[in-house]
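> give me coordinates for this.
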Amino acid sequence: MATMTKADVKRLQQGSKVLRQATFRPEDILFKEQLDFINDPAEVKVGLCSRRAGKSYAVAVAMIDCCLNYSDASALYIAQTKTAGIQIIWSPLMMLIDKYNLDCKPNNSTHEITFKNGSKIIIKGTKDKAEIDSIRGIAPSPRIVVLDEAGHFKPFLQELINEVISPALMDYMGTLIMIGTPNHSCSGTFYDAYHKKKGYQEASVHHWTFFDNSMLPAVKNGVATHQEIFKKKVLDSGRTVDDADVKREYFGLWVKDTESQLFAYDPVLNKIPRIPEGEFEYILGVDTGYVDDCAYVVTAYNKTSPTAYIVSAYSKDFTDVTSIIDEVNLLNTRFGFKRILFDPAAGGKNMMAELFLRHGLRAESASKSEKVSHIALLNDDLKSGRLQLVEDGCGDLIHEWSMLTWDYKADGKKIPGTHIGGVKADHTSDAALYCWRGALHYRAKPEKVSPVSGTDEHTTAEQKEHFKRLQEEAVKRTKHDNMLLMKQLRTRRGRKYV
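Presented below is the predicted three-dimensional model:
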């Protein structure tokens, strides 16, 4: 029997690899609804899904298929943040690459996948301007761009599509894929695209749910049906098919639900272009973090108005302690804070000490107790219009207050939600809560405004003032007369009046 050489083994391995690659056929991997979606030739495709509908797996197959069929092109996957994108899509991609032994090189550092024909799968985020700018001029040019959890992006999504994504797709007349679950506010670019509003009249829309996913392991292995899983996980917990969150999460339906909104923010009632004229005192709230973002919120109030104003609210990536301290000092130079409130966690106390040593600024530990009760009080201010947000400076906070919802523990207890579309996004909300609690607008005493001369109000006010003076003079005369009378009585009795 002839001995196999290393070259023979290599040829066999390469032959096996080619054979396994040839078996990567989306029609053999996906169920009907997924396949209909990725095979749709439309330039803009919108997929509305429930949870566990297999949407991310479908776009993973679509991106791999694109890179196998086209050379020197890219499939660009965009999530709210790059970290979130990696958590969502990297595992399905690696599983498919391993299962079909695909000829490509995943880079676990940059999280890019390069194929032998020069095509790439690239993962990006849109958390801030730096991440967005990294998408501009991306090479190789994309044939498809996927926006995952598109219903929970920040409000600049339409600007991102118009200014960055659409130009990038021009080289190959590529495809924009927007996919996600419905948000509770029934608003935003994803909502507009699904309903084919202005700019999206030609979009192709698809809808499928958890109940269509025949690839669920429990269903595929015959352990349980979709209905049995739904009953055990949803109905047995006390929820019903009429609950708004159930309609969204399990049936993928657009249901406007203000009751589940964590903050009672109303853009009509609580958004203003600028704060009114006047002398204000300013408070800074800082939500610190090493892994998470750092958020900075500036609130203004004065002694005569019961309304507080949030004039600036934004978050930034944590880089180092020095950057945070410098950011606080820069804001103080602009506003001259009466108080600076720091989250004492995540190194906040050390930052407060460093802030004093370097810049002579004293900061206090923010109060974090009874969060639910204070959210309820803050919501009272929002509902009454006693808390206003300056639109241009508060984009991050407006996004959080519009999208954050209440969560529920296993025992049914309501707790504040911290995530938007699976991404932790409550940093500016926490910072806003700190400085709102420190503001004293609730102690305000309105200034007295004199009525205009010649008006009925002015005449009435003068009459009241005249009557008040007469009363005061009458009281003085009565007191004087009483003193004289007492003097006379004591003199008659032989007492000396003192």
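> got phi/psi on K414?
The phi/psi pair for K414 (degrees, to the nearest 10) reads phi -80, psi 130.
> state the distance from I132 to N39.
Going from I132 to N39 by C-beta to C-beta, to the nearest Å gives 30 Å. In this view, the C-beta of every residue, glycine as well, is placed from N, C-alpha and C.
> the more surrounded of those two?
I132 (18 against 12; other C-beta atoms under 10 Å).
> now that one, nearest residue through space, not along the chain?
Nearest non-adjacent residue to I132, counting by C-beta to C-beta, 6 or more residues apart in numbering: T126, 5.5 Å away.
> can you name the element that comes right after the helix or strand of the chain with the lowest mean pLDDT?
Across the helices and strands of the chain, the lowest-confidence element by mean pLDDT, DSSP states H and E is helix 6-22, at a mean of 51. Toward the C-terminus, helix 6-22 is succeeded by helix 26-29 as the next helix or strand (DSSP states H and E).
> and the contacts of that following helix?
With contacts defined as C-beta atoms under 8 Å, 6 or more residues apart in numbering, helix 26-29 is touched by L35, I38, N39, V61, A62, D65, L96.
> filter these to the buried ones?
Buried members of the contacts of helix 26-29, counted by 16 or more other C-beta atoms under 10 Å: L35, I38, V61, A62, D65, L96.
> mind checking the longest helix of the chain?
Ranked by residue count and defined by DSSP state H, the top helix of the chain is helix 456-492.
> okay, buried residues for it please.
Applying 16+ other C-beta under 10 Å to helix 456-492 flags no residue as buried.
> distance from that helix to the middle of the chain?
Here helix 456-492 is found 64 Å from its chain centre; the criterion is C-alpha atoms, centre = their mean, to the nearest Å.
> quick one: mean pLDDT over that helix.
For helix 456-492, the mean per-residue pLDDT is 78.
> over to stretch 88-98?
95.
> who touches that stretch?
24, 29, 56-57, 59-61, 63-64, 77, 79, 102, 104, 106, 111, 113, 121, 123, 148-149, 422.
> and those, which of them are in strands?
If you go by DSSP state E, those have Y77, A79, C104, P106, I113, I121, I123, D148 in strands.
> from the residues you listed, which would you call buried?
Buried among those (16+ other C-beta under 10 Å): Y77, A79, C104, P106, I113, I121, I123, D148.
> the residue lying closest to Q158 once chain neighbours are set aside: how many residues sit nearby?
Excluding its sequence neighbours, the residue lying closest to Q158 (C-beta to C-beta, 6+ apart) is T189, at 4.6 Å. By other C-beta under 10 Å, 22 other residues sit near T189.
> distance check, T189 against N162.
Separation of T189 from N162 (C-beta to C-beta): 10 Å.
> P106 contacts I113, correct?
Yes - with contact defined as C-beta atoms under 8 Å, P106 reaches I113; the gap is 4.8 Å.
> quick one on the thing from earlier: possible to save the contacts of helix 26-29 as JSON lines with distance to K154?
Output for these, formatted as JSON lines (distance: C-beta to C-beta, whole Å):
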{"residue": "L35", "distance to K154": "32"}
{"residue": "I38", "distance to K154": "27"}
{"residue": "N39", "distance to K154": "31"}
{"residue": "V61", "distance to K154": "28"}
{"residue": "A62", "distance to K154": "25"}
{"residue": "D65", "distance to K154": "30"}
{"residue": "L96", "distance to K154": "30"}
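> farthest-separated two in these?
N39 and L96 (17.2 Å; C-beta to C-beta).
> contacting residues for the residue nearest in space to the middle of the chain?
In the chain, the centroid-proximal residue (C-alpha atoms, centre = their mean) is E400; its distance is 3.4 Å. Shown in contact with E400 (C-beta under 8 Å, 6+ apart): F263, I420, A425, D426, H427, T428, S429.
> please flag which of these sit within helices.
Per DSSP H, the subset of these in helices is H427, T428, S429.
> residue contacts, the residue nearest to I132?
T126 neighbours (C-beta under 8 Å, 6+ apart): I78, A79, Q80, T81, I132, I135, F153, K154, F156, L157, L160.
> strands - which of the residues you listed land there?
Reading strands off these with DSSP E, I get I78, A79.
> what is the nearest of the contacts of T126 to K303?
K154 (35.6 Å).
> leaving out chain neighbours, which residue sits closest to the closest one?
Per C-beta to C-beta, 6+ apart, closest to K154 is H399, 4.9 Å.
> just checking, next helix/strand downstream of the host helix or strand of that neighbour?
Per DSSP H and E, H399 falls inside helix 395-403. Downstream of helix 395-403, the next assigned helix or strand under DSSP H and E is strand 406-408.
> how far does that next one sit from its chain's centre?
Counting by C-alpha atoms, centre = their mean, strand 406-408 comes out at 16 Å from the chain centroid.
> next: stretch 369-388.
With C-alpha atoms, centre = their mean, you get 18 Å for stretch 369-388.
> for it, give me every contacting residue.
By C-beta under 8 Å, 6+ apart, stretch 369-388 touches 262-266, 269-272, 275, 306-310, 414-416, 433, 436-437, 441.
> which of those fall in helices?
Using DSSP H, the contacts of stretch 369-388 in helices are L269, N270, L433, W436, R437.
> how close does the fourth one get to K424?
If I follow you right, that is W436. Taken as C-beta to C-beta, the span from W436 to K424 is 21 Å.
> K154 touches L397, doesn't it?
No - between K154 and L397 there is no contact under C-beta under 8 Å: 11.1 Å.
> who's in contact with the closest residue to G54 other than its chain neighbours?
Once flanking residues are discounted, G54 sits nearest to N213: 4.9 Å by C-beta to C-beta, 6+ apart. Contacts for N213 were tallied using C-beta under 8 Å, 6+ apart; they are F31, R52, A53, G54, V219, H226.
> quick one: which of those residues is most hemmed in?
A53 (26 neighbours).
> biggest separation within the contacts of E400, which pair?
Top of the distance list for the contacts of E400 (C-beta to C-beta): F263 and H427, 13.9 Å.
> quick one: which of these two has more around it?
Comparing F263 with H427 by other C-beta under 10 Å, the one with more neighbours is H427, at 27 against 22.
> who does C294 form a beta bridge with?
The partner list for C294 in beta bridges (DSSP bridges) reads K316.
> quick one: it and D320 touch, right?
No - using C-beta under 8 Å, C294 is not in contact with D320; the gap is 10.6 Å.
> the more surrounded of these two?
Set C294 next to D320 and count neighbours by other C-beta under 10 Å: C294 wins out with 26 against 9.
> which ones are touching that one?
Contacts of C294 (C-beta under 8 Å, 6+ apart): V286, D287, T288, S315, K316, D317, F318, I324, E327, H427.
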